[in-house]
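>>> need coordinates for the below:
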Amino acid sequence: MTFTLMRGLYLWSALLTLALLFIFPLGGWQRVGAALAVAFALILAWRWMRQRALNLDRELPLPAADFQQPVVLVCGDGLQGLFDAAKADKPLWRMTAQGCYLRVDSLEHLPWTVRRVLDHRPHWGGQLSVLLVVNPDEHSDPAELDGQLRAFRHQLALARRHGAALPLLQATYLQSSQGEGPWFCWVGGAQQPDVLEAGARIRFGEWQKRTDDLPLSALHLRTGVLLETVVGWLNRHVPAHLVSREVSDPPAVAMACAVTLVPALPGSVAGSLWQQWVHDRTALSKTAASASETSLLLPLPDALLPLLPLQFKTSPLRRAGAIALWLSTLSILIALAGSAWQNRQLVRQVSDDLHRYLAIPYAQHRNQPEFAQREEVMSVLRADAARLDRYYRHGEPLWLGFGLYRGERLRGELLAAITGYRLPHDAPVQALKVPEPVRLDSLSLFTVGSATLKPESTKFLINALVDIKAQPGWLIVIAGHTDATGSAEQNLQLSRARAGAVRDWMQRMGDIPDICFAVQGFGASQPIASNDTEIGRAANRRVDIRLVPEVGACALPTAAPEGKHQSHSAAVNL
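Numbers count the residues shown, from 1 in each chain. Prediction:
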């Protein structure tokens with residue numbers, strides 16, 4: 001996968017994480033802190049990916065990410081003849097029509113190279129293979145060759161631990177005066193090789209009989225003797241160390257072994273193992289080591305690449321899309337699980353509150369301990385009902401949504417419990433809910449500087465009485481306020497006079513005794529807005545009417561006339 005796609009996945013992961021942060025019930029500062037942490041982690045990952053891409057480009061230049069041919073890691077002998085070290089820009093790889101060949105300078109670098117390639121191109125795992133070049137003309141010490149083969153087997157086992165199958169190909173270059181020839185390939189332990197030439201694959205016996213030219217037939221016959229000799233040498237030196245069961249590493253079985261003849265072989269040494277083998281076992285003249293001054297590179301085994309079992313993985317874009325889809329699915333599952341857990345907690349909390357309330361016996365008197373317990377639990381139920389009612393009116397929050405909300409059924413049970421709640425007959429007045437005060441604009445009731453009610457003020461006072469739900473024993477407190485214009489003494493007197501005028505009107509309309517009222521004048525001492533602006537001064541000019549629970553307030557004499565008592569009760573309960 002390219003680094004651009006990986007960055008996109010990191011960005012998508014960060015966006016999904018931020019979405020989850022706003023789905024779960026977190027505080028404002030908690031969300032801000034978590035969002036900053038996610039952004040910081042994204043920046044670090046972004047910079048790390050950029051630096052990693054630069055390092056990989058410097059360490060191991062590779063073809064484009066959409067390359068779909070075999071990628072062969074070449075190690076062993078003949079590297080100086082297979083790769084042009086004179087090209088300083090890309091001396092590590094060669095491209096052909098059949099595939100890409102990457103040079104592995106040392107056997108110990110094979111696992112590192114595989115890991116680097118998979119880091120840069122994870123989808124190339126099914127395209128990677130290994131080519132081991134064993135040239136007997138380049139070795140004069142059999143112990144050294146044996147050590148290299150054992151080291152290769154161990155390093156190949158380490159490289160395969162990175163997740164790539166790494167099928168093995170084995171190639172041998174022989175220097176011969178016959179010139180460059182085709183590839184002779186043994187597949188699956190066959191006794192006779194197949195000849196791979198010009199894109200065709202024919203049996204070795206047919207290849208020897210294909211020509212009627214006597215010199216060419218003699219050349220083919222000589223080639224057959226040479227191949228039989230090299231196969232004998234390879235079977236003696238190579239399999240003993242690559243597939244032997246005496247070593248703990250897994251066997252390194254080559255799926256195909258190939259030999260080709262070349263006119264010149266860079267790196268060949270005088271007195272090599274191959275020259276000794278030919279001299280001791282055949283009547284052929286010993287091949288002299290040729291000078292390595294040649295500008296031609298050795299032929300690459302392109303004919304062997306169609307034998308590789310390529311396993312193309314999904315393209316980087318499709319793979320990134322699949323990962324993004326899985327991340328989205330995981331985020332949705334987390335959100336659903338979180339919503340289910342939050343709904344379960346909500347149901348458990350409200351159900352526990354209801355069960356706790358129903359388990360408390362009804363209190364006949366306020367001095368019973370059950371009364372205080374029911375009051376405490378009822379306040380909790382009212383808070384639960386207000387919460388569920390808010391969800392009903394404005395919609396449940398995200399962390400309770402996704403079709404899993406279960407609070408509507410609980411809301412009906414809560415409302416039924418609250419509606420059926422009854423106070424004892426001797427419950428203290430303080431347990432009752434005090435209504436909000438009614439605030440009247442002075443300019444709606446009085447003219448400027450006057451304490452006489454205007455004729456049109458009646459509708460405002462009637463509306464104020466409707467909003468006041470008094471009960472017997474509650475004191476009606478009327479407070480007058482002015483702005484800061486004028487002297488403090490005049491403002492104090494004017495506020496008291498206006499409060500008294502409102503009191504007189506209410507007393508006449510409801511026939512309420514004087515003891516039910518408390519008149520206060522504060523002048524400009526309790527402003528609710530700034531007196532520096534006209535809007536603020538208009539807000540400060542007001543009359544407030546509020547009900548205060550007070551024991552013994554507005555109590556009527558027992559001998560009061562029946563009509564008078566009924567009139568007072570009606571007025572107070574208005």
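
>>> off-centre distance for the lengthiest helix in the chain?
As assigned by DSSP state H, the longest helix anywhere in the chain is helix 316-358. When distances are taken as CA atoms, centre = their mean, to the nearest Å, helix 316-358 is centred 15 Å away from the chain's centroid.

>>> list the contacts of the residue nearest to residue 79 when sequence neighbours are not counted.
Spatial nearest neighbour of residue 79, chain neighbours left out: residue 103 (5.8 Å); criterion: CB to CB, 6 or more residues apart in numbering. Where C-beta positions appear, they are placed from N, C-alpha and C, glycine not excepted. Applying CB atoms under 8 Å, 6 or more residues apart in numbering, we find residue 103 in contact with 74, 79, 82-83, 91-93.

>>> got a quick PyMOL command for the buried subset of these?
The PyMOL selection below is limited to those of the contacts of residue 103 classed as buried (16 or more other CB atoms under 10 Å):
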select buried, resi 74+79+82+83+92+93
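
>>> now, which of the contacts of residue 103 lie within strands?
Among those, the members falling in strands (DSSP state E) are 74, 93.

>>> can you put the contacts of residue 103 in a markdown table and add distance to residue 134 and pLDDT?
Formatted as a markdown table, the contacts of residue 103 follow (distance: CB to CB, whole Å; pLDDT from 0 to 100):
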| residue | distance to residue 134 | pLDDT |
| --- | --- | --- |
| 74 | 12 | 94 |
| 79 | 12 | 87 |
| 82 | 13 | 87 |
| 83 | 17 | 84 |
| 91 | 22 | 55 |
| 92 | 21 | 76 |
| 93 | 21 | 80 |
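
>>> columns distance to residue 126 on top of the contacts of residue 103, output as JSON lines?
Converted to JSON lines, the contacts of residue 103 look like this (distance: CB to CB, whole Å):
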{"residue": "74", "distance to residue 126": "19"}
{"residue": "79", "distance to residue 126": "25"}
{"residue": "82", "distance to residue 126": "24"}
{"residue": "83", "distance to residue 126": "24"}
{"residue": "91", "distance to residue 126": "27"}
{"residue": "92", "distance to residue 126": "22"}
{"residue": "93", "distance to residue 126": "19"}
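
>>> any idea how far the residue nearest in space to the middle of the chain lies from residue 42?
Taking CA atoms, centre = their mean, the centroid of the chain lies closest to residue 13, which sits 3.1 Å from it. According to CB to CB, to the nearest Å, residue 13 and residue 42 sit 8 Å apart.

>>> any idea which helix or strand in the chain has the lowest mean pLDDT?
Every helix and strand in the chain was compared by mean pLDDT, DSSP states H and E; the lowest is helix 562-572, with a mean of 37.

>>> looking at this, residue 33 is in a helix?
Yes - Residue 33 forms part of a helix when assessed by DSSP: H, G, I helix; E, B strand; the rest coil.

>>> sorry, back to before: what's the following helix or strand after the longest helix of the chain?
helix 369-394 (DSSP states H and E).

>>> what is the orientation angle of that next one with helix 316-358?
Put simply, helix 369-394 runs at 150 degrees to helix 316-358, going by axes from the mean of the first three to the mean of the last three CA atoms, to 10 degrees.

>>> output the contacting helices and strands for helix 369-394.
On a contact count with 3 or more CB pairs under 8 Å, 6 or more residues apart in numbering; DSSP states H and E, helix 369-394 meets helix 316-358, helix 407-419.

>>> now the ones you listed in CSV, with distance to residue 497 and mean neighbour count?
Shown next, in CSV, are the helices and strands packed on helix 369-394 (distance: least, CB to CB, whole Å; neighbours: other CB atoms under 10 Å):
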stretch, distance to residue 497, mean neighbour count
helix 316-358, 50, 15
helix 407-419, 44, 15
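
>>> got JSON lines for these, with distance to residue 502 and mean pLDDT too?
Formatted as JSON lines, the helices and strands packed on helix 369-394 follow (distance: least, CB to CB, whole Å; pLDDT from 0 to 100):
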{"stretch": "helix 316-358", "distance to residue 502": "42", "mean pLDDT": "82"}
{"stretch": "helix 407-419", "distance to residue 502": "35", "mean pLDDT": "79"}
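
>>> save those helices as a markdown table, and put in distance to residue 524 too.
Shown next, in a markdown table, are the helices and strands packed on helix 369-394 (distance: least, CB to CB, whole Å):
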| stretch | distance to residue 524 |
| --- | --- |
| helix 316-358 | 47 |
| helix 407-419 | 43 |
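
>>> can you pull out the strands in this structure?
71-76, 93-95, 100-103, 128-133, 168-175, 183-187, 194-197, 200-203, 254-262, 438-441, 474-481, 517-521, 542-549.

>>> got TSV for these, with distance to residue 346 too?
Converted to TSV, the strands of the chain look like this (distance: least, CB to CB, whole Å):
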stretch	distance to residue 346
strand 71-76	57
strand 93-95	62
strand 100-103	60
strand 128-133	54
strand 168-175	62
strand 183-187	69
strand 194-197	74
strand 200-203	73
strand 254-262	63
strand 438-441	37
strand 474-481	38
strand 517-521	45
strand 542-549	35
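
>>> mind checking the ones you listed for the one nearest to residue 63?
Residue 63 lies closest to strand 100-103 among the strands of the chain, at 5.5 Å (CB to CB).

>>> partners of that closest one in the sheet?
If you go by DSSP bridges, strand 100-103 pairs up with strand 71-76 (parallel), strand 93-95 (antiparallel).

>>> no more questions from me, cheers.
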